[in-house]
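Engineer: Below is the sequence, then the predicted model.
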There are 2 protein chains.
Amino acid sequence: MENITLKKLAEILELSVPTVSRALNDSYEISEETKKRVRELAKALNYQPNPFAASLRKNKSKTIGLVVPEISNYFFTQITTGVEKVCNEHGYHLIICSSNESPEKEASIIYNLTNGKVDGILLSTASEAHQTEHISRILQKKIPLVQFDRVVEDLPVSAVISNDFESAYDVTTKLLSDGHTKIAFLKYRNELTNIEKRLNGYLKALEDNGLTDKKLVVELTNNEENNITEIKRLIFEKKPEVIFCSVSLLAIGTYDVCKELGLTIPDDVKVIAYSNTPTARHLNPPLSTISKSAFEMGVKATELLFYQIKRKGECEIEKVLLGSKITYRKSSG
Amino acid sequence: MENITLKKLAEILELSVPTVSRALNDSYEISEETKKRVRELAKALNYQPNPFAASLRKNKSKTIGLVVPEISNYFFTQITTGVEKVCNEHGYHLIICSSNESPEKEASIIYNLTNGKVDGILLSTASEAHQTEHISRILQKKIPLVQFDRVVEDLPVSAVISNDFESAYDVTTKLLSDGHTKIAFLKYRNELTNIEKRLNGYLKALEDNGLTDKKLVVELTNNEENNITEIKRLIFEKKPEVIFCSVSLLAIGTYDVCKELGLTIPDDVKVIAYSNTPTARHLNPPLSTISKSAFEMGVKATELLFYQIKRKGECEIEKVLLGSKITYRKSSG
DNA sequence: TTGTAAGCGTTATCAT
DNA sequence: ATGATAACGCTTACAA
């Protein structure tokens, strides 16, 4: 049994192919009677339209492309869930691509997605500093694009980001008002603008409290061993009261170091971190976190994208700033 | 500037469309000279083939579909990473779909994927008991299929699963040989065959040690509150020496209960669990785990799938059994 | 309300 | 080595 096509249906029903097509697309020009016959046969024979033929003809794919830096990262999977939900609601399909934090892979994915396969792109960039050529390419091809979370700034592109500056400012201010003045900030990779903003929020809070000289910033990377060494050095040399981690990975490192050195959190040192991991509350002690609503971010970004798709790009650029949730748990005292 | 097509290239180069097509596909019939000219222009004009036209004509999409029950589950994201890697190596694209543990959604996804959009399907089923009609549909349409991790058994389909019976048997035997006889098994949802196998491994180990009467099985669900109640009841009424959790969620529940009751793990009760979460070693105390190599499972399943795709289905069915890694940490004493 | 013809951008077949 | 023609399955414009 070969594939059922419109032609087959048309032959059986003794109708023309366009009539069958229109009937299945519920066109107003077709009589109810015919529609009924067509639909029944289509159902009986399990007809499925060939998506390639339709896309080729209509020059639309009913698919959107989601590009994330990492697929096994809880934050991004939460985003994906939100994106998926909205796509489903619009009857769109989703192609998920991971750049694995590689700008080259990211560029090649984008190159690949700009061949017409998708009607729109959602992008969160790889962390390494990188070119924006591939992004220009999307714009040039007039493919709707929305950036989220990790964005290249100053581009004429809609974006959804979180209030990193504000949340870091708020946390730092709170810690200062609690009487802690020796707050160390663990910075992670400097290419990400949102981590830069967190750092700036921290610095601004110190400045606003006349404590700029208390600035204590440690630059860390994804080299775990090296991080451990640096965190130890920080603790020995500076004896910070609080360690403020710009990403959750560094909180784990800090916990490991404290355990090794026999330090108790929060008695000997307090810890607070940017983190979206659900296990934060199960750590020992439960970790205070600043988390973003990833699901909401996915939803919002996708909605912006569909807005563009529906308007065929004839709409203004929107930059959405989402709030963060600060959860104080035992680790920060 | 409109889209570059073969026709455009052909016009500029004063060649026919098929010649340009063949040149770009590196056909042996085309002179090096021509190939060079074509390739250069294509590159200069940034030509990208229209994938829909090619797929329509070739009746192949160079895409495979991955269906997972949950996208924000570390285990499945690890699998996805493995799948992605192999797909990339073969120059294939990947569409990731999540059934969100819903058999209906799963069926609709499969229905949707069987319209020719993908050249092969990788499937891990939703946990609820469900029909297999949609799976038959895949087979009927002769679309290559490989099941992984959560499989519908007794189907003529290649599959990659893990040795759940054996690992549960081994762990239980080890616990018994350590002198613990009161081992409680926390079962999670009974529709999943792999959890059934874990249970059976546990039971068989008891039986082989003549301890069938020591059987202590608690049925739990995804209702966290209820689970907490049941775990408390278990501890009060049966005072188990070890709690063996069939999934990691139940380990978290057990930890919560112990904390609430002021019980110390592993002194008051030991815990071991099936879990792939990377935070297991950061829990308090570090959790003993039985983990599967998810990445490897993804790779293996995808390789089986490509084997089928290349052979156009003319190949025998393979069932692959992967080993598990048992890591004893502090929680089990 | 239905049918005819043309076209979307490729690739396959058959000529030359 | 290259070209002419048809075909993949669908939708749209126009005709009837």
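Structural biologist: That came through, no problem.

Engineer: Find the residue ranges of chain A scoring beneath the pLDDT cut-off.
Structural biologist: Under the criterion pLDDT under 70, the flagged ranges of chain A are A:1, A:129, A:190, A:313.

Engineer: and residue A:266, how many residues sit next to it?
Structural biologist: Residue A:266 has 18 neighbouring residues, counting by other Cβ atoms under 10 Å in any protein chain shown. To be clear about C-beta, it is placed using only N, CA and C from the backbone, and glycine gets the same treatment.

Engineer: correction: residue A:213
Structural biologist: Using other Cβ under 10 Å: residue A:213 sits among 6 other residues.

Engineer: ok, now residue A:219?
Structural biologist: Taking other Cβ under 10 Å as the definition, residue A:219 ends up with a neighbour count of 12.

Engineer: Quick check: bridge partners of it?
Structural biologist: Beta-bridge pairing for residue A:219 (DSSP bridges): residue A:187.

Engineer: Name the SS class of residue A:250, please.
Structural biologist: Classification of residue A:250 using DSSP: H, G, I helix; E, B strand; the rest coil returns helix.

Engineer: Can you report phi and psi for whatever residue of the stretch 151-300 of chain A ends up closest to chain B?
Structural biologist: In the stretch 151-300 of chain A, the residue that lies nearest chain B is residue A:284 (2.9 Å; Cβ to the nearest Cβ). Comment: the main-chain dihedrals of residue A:284 come out as phi -120, psi 110, following degrees, to the nearest 10.

Engineer: Can you give me the distance of it to residue A:43?
Structural biologist: Residue A:284 sits 58 Å away from residue A:43, taking Cβ to Cβ, to the nearest Å as the criterion.

Engineer: who's more crowded, those two?
Structural biologist: Taking other Cβ under 10 Å, residue A:284 and residue A:43 do not tie; residue A:284 has more neighbours (17 against 9).

Engineer: coming back round to it: which residues sit in contact with the residue nearest to the residue of the stretch 151-300 of chain A closest to chain B when sequence neighbours are not counted?
Structural biologist: Closest residue in space to residue A:284, ignoring its immediate chain neighbours: residue B:284 at 2.9 Å, by Cβ to Cβ, 6 or more residues apart in numbering or on different chains. The contact partners of residue B:284, taken as Cβ atoms under 8 Å, 6 or more residues apart in numbering or on different chains, are A:282, A:283, A:284, A:285, B:255.

Engineer: which residues does the second one contact?
Structural biologist: For residue A:283, the residues meeting the contact criterion (Cβ under 8 Å, 6+ apart) are A:251, A:255, A:331, B:279, B:282, B:283, B:284.

Engineer: what sits opposite it in the beta ladder?
Structural biologist: Once the bridges are assigned, which here means DSSP bridges, residue A:283 pairs with residue B:283.

Engineer: so which of the contacts of residue A:283 is the most crowded?
Structural biologist: Neighbour count (other Cβ under 10 Å) singles out residue A:251 as the most crowded of the contacts of residue A:283, with 28 neighbours.

Engineer: Please name the nearest non-neighbouring residue to that residue.
Structural biologist: Counting by Cβ to Cβ, 6+ apart, residue A:273 is the residue found nearest to residue A:251 once chain neighbours are left out, at 3.7 Å.

Engineer: Could you confirm the one you found falls within a helix?
Structural biologist: No: remark: residue A:273 does not belong to a helix; assigned using three-state DSSP, it is strand.

Engineer: sorry, back to before: mind picking the one among the contacts of residue A:283 that's closest to DNA strand D?
Structural biologist: Within those, distances to DNA strand D taken as Cβ to the nearest atom of the strand reach their minimum at residue B:279, with 48.0 Å.

Engineer: Hmm, residue A:275 and the closest one touching each other?
Structural biologist: No: under the contact definition of Cβ atoms under 8 Å, residue B:279 does not touch residue A:275, with a separation of 11.0 Å.
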